[in-house]
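Engineer: Below are the sequence and a predicted model; questions follow.
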Amino acid sequence: MTATGNAPILVGVDGSLSALHATEWAARAAALRHAPLTLVATMATPAPYGAGVGLPPTYFDDLEQEGRRRLGEAADAAKHAAGEAAGLVIHTEYHLGNPVPVLRDRAKAARMLVLGTRGLGEFTGTFVGSTAVSLVSHGSCPVVVVRGSGPDARPPADGPVVVGVDGSPASEGAVAAAFEEAALRGARLVAVHAWSDAAVSSMFGVPEVPWDEIETSERVVLAERLAGWQERYPEVDVERVVTQDRPVRSLLHHAAQAQLLVVGSRGRGGFSGMLLGSTSNALVYTAPCPLLVMRGRRDG
């Protein structure tokens, strides 16, 4: 989405069920775009157990063998998910080191980075692993965290695409990405513009708030944000939702039956130094479907 040319979709592979679900999702996304798929396995080296205690001579060979096994398993899952007729081109990469810097560096040339919610090294009670959280916050390309209704559930394969719209630069990129995703998938697009009563009350500073006038104004804002993209994607059926509610709660409600939720990395209320806004950060942990986080206005 941000890289030029036929850039690959990148997937972090660690042998977990969550990573396999992410691989399957990424394979279908790559097939829709006729883009290559790159699977990356990164094996971290533990520190020696004590001073002067080294690793066995075969340690690194065994580590690479395990990494290659994980890549082979993921490649098989990708082929099955995309279908043999799709002609999906799959590349595999094995790296030794910390997965966060490796994936962050490889993502610079990718159109999208796809991750599972948690890996083999995460605590079983943690719904989102530290690797996913770090890469969503620091990624240089759009990042998808593949989620389902539960920690090990497969992500939904149908339903609408839902996008959060608030007028920020990151939100504009999210709208563009959501229209593209809906068009590729032949899905309905639900554009959600939510504003909370608390924020509006504090803005006016009076007990009597003109809700009808505010709602009319917010509907105009939403229509303006969608107008150009509806012209570019006339085949996409768009449902506009303007609601007096907290953004996270409203987006979760509409995402309950969705196949994809798209948001910007920061909203209008985000501080300029923030890497991830409160809404996108909360949805990383709670979204019931795959979450696509866009960082600013998309290119092209």
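Structural biologist: Arrived safely. Quick caveat, the model's predicted, so the values are computed rather than measured.
Engineer: Please count neighbours and contacts with C-alpha atoms only from this point.
Structural biologist: OK.
Engineer: mind listing what's buried in the longest helix anywhere in the chain?
Structural biologist: For the chain, the longest helix by residue count, based on DSSP state H, is helix 59-82. Taking 16 or more other Cα atoms under 10 Å as the basis for neighbour counts, the residues of helix 59-82 that come out buried are 63-64, 66-68, 70-71, 74-75, 77-79, 81-82.
Engineer: Now tell me what touches it from outside.
Structural biologist: Under the criterion Cα atoms under 8 Å, 6 or more residues apart in numbering, residues 13-15, 20, 23-28, 31, 39-43, 88, 90, 92-94 lie in contact with helix 59-82.
Engineer: if you set the cut-off to 6 Å instead, what comes out?
Structural biologist: With contact meaning Cα atoms under 6 Å, 6 or more residues apart in numbering, helix 59-82 is reached by 15, 23-24, 27-28, 41.
Engineer: Following the chain past it, name the next helix or strand.
Structural biologist: If you walk from helix 59-82 toward the C-terminus, the next helix or strand you reach (DSSP states H and E) is strand 90-96.
Engineer: For that following strand, name the packing helices and strands.
Structural biologist: If you count contacts as 3 or more Cα pairs under 6 Å, 6 or more residues apart in numbering; DSSP states H and E, strand 90-96 packs onto strand 37-43.
Engineer: Repeat the analysis, applying 10 Å as the threshold.
Structural biologist: Here strand 90-96 is seen to pack against strand 9-13, strand 37-43, helix 59-82, helix 99-106 when contacts are counted using 3 or more Cα pairs under 10 Å, 6 or more residues apart in numbering; DSSP states H and E.
Engineer: Which strands border it, and is each parallel or antiparallel?
Structural biologist: With DSSP bridges as the criterion, the sheet partners recorded for strand 90-96 are strand 37-43 (parallel).
Engineer: how far is the strand it pairs with from where the chain is centred?
Structural biologist: Once both centres are worked out by Cα atoms, centre = their mean, to the nearest Å, strand 37-43 turns out to sit 17 Å from its chain's centre.
Engineer: Alpha carbons of it, as CSV, please.
Structural biologist: Once side chains and other backbone atoms are set aside, the C-alpha atoms of strand 37-43 remain, and they are given as CSV (Å, rounded to 0.1, in the frame of the first residue of the first chain):
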residue,chain,number,x,y,z
LEU,A,37,4.0,-13.2,-0.4
THR,A,38,7.1,-13.2,1.7
LEU,A,39,7.3,-15.4,4.8
VAL,A,40,9.9,-14.4,7.4
ALA,A,41,11.0,-16.6,10.3
THR,A,42,13.3,-15.1,12.8
MET,A,43,14.9,-17.2,15.5
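Engineer: Please work out the average pLDDT along it.
Structural biologist: Along strand 37-43, the predicted local confidence has a mean pLDDT of 95.
Engineer: Same question for stretch 16-24.
Structural biologist: Per-region confidence: stretch 16-24 scores 93 on mean pLDDT.
Engineer: how much distance is there from that stretch to the middle of the chain?
Structural biologist: Relative to the mean C-alpha coordinate of its chain, stretch 16-24 is positioned 14 Å out (Cα atoms, centre = their mean).
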